[in-house]
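In: Okay, sequence plus prediction incoming.
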Amino acid sequence: MSYFKHHVFFCCNQRGPGETCCNNHGASDLQTYAKERVAELKLKGPGKVRINKAGCLDRCDQGPVMVVYPEAVWYTYVDKSDIDEIIEEHLKNGRVVERLKV
């Protein structure tokens, strides 16, 4: 059994000027928001959810991106409302958010 029910990785890579990267779309800020929101909802910890920053996940052209394990579901997002939907539907209720999958 996995230590966490869901392990979420946000690509927070920062590339050079003019290069596409997730961090140019606010990935680090939204990762911080997700981490705080998961803690507020008491979803954080062993047997629950872990939110992590990652370096390049090699999908920046589809970004910003995040991946949820163990299901290996990749998402893109635009703002806090998308993050809230992923937390509520996928992390809390186990339903993949089809409209945000990449």
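Out: In hand now; what should we look at?
In: The spatially most central residue of the chain in helix, strand or coil?
Out: Nearest residue to the geometric centre of the chain (CA atoms, centre = their mean): residue 66, 3.8 Å. Assigned state for residue 66: strand (three-state reduction, DSSP: H, G, I helix; E, B strand; the rest coil).
In: Compute the distance between it and residue 75, please.
Out: 5 Å (CB to CB, to the nearest Å). Every C-beta, even on glycine, is put in place using the N, C-alpha and C of the backbone.
In: picking that back up, enumerate every residue touching the residue nearest to the centre of the chain.
Out: Taking CB atoms under 8 Å, 6 or more residues apart in numbering, we find residue 66 in contact with 8, 9, 10, 11, 31, 34, 74, 75, 77, 86.
In: just to revisit the earlier point, identify the contacts common to residue 66 and residue 75.
Out: Residues touching both residue 66 and residue 75 (CB under 8 Å, 6+ apart): residue 86.
In: Look through the protein and tell me its longest helix.
Out: If you go by DSSP state H, the chain has its longest helix at helix 27-40.
In: Which neighbouring elements make contact with that one?
Out: Other elements packing on helix 27-40 under the criterion 3 or more CB pairs under 8 Å, 6 or more residues apart in numbering; DSSP states H and E are strand 6-11, strand 49-54, helix 80-85.
In: which parts of the last one are buried?
Out: Put plainly, it is helix 80-85. Of all the residues in helix 80-85, those buried under the rule 16 or more other CB atoms under 10 Å are 82, 83.
In: And the second one, by the same measure?
Out: Within strand 49-54, the residues that qualify as buried are 49, 50, 51, 54, counting by 16+ other CB under 10 Å.
In: And stretch 91-102, by the same measure?
Out: Buried positions in stretch 91-102, judged by neighbour count with 16+ other CB under 10 Å: 91, 97, 100.
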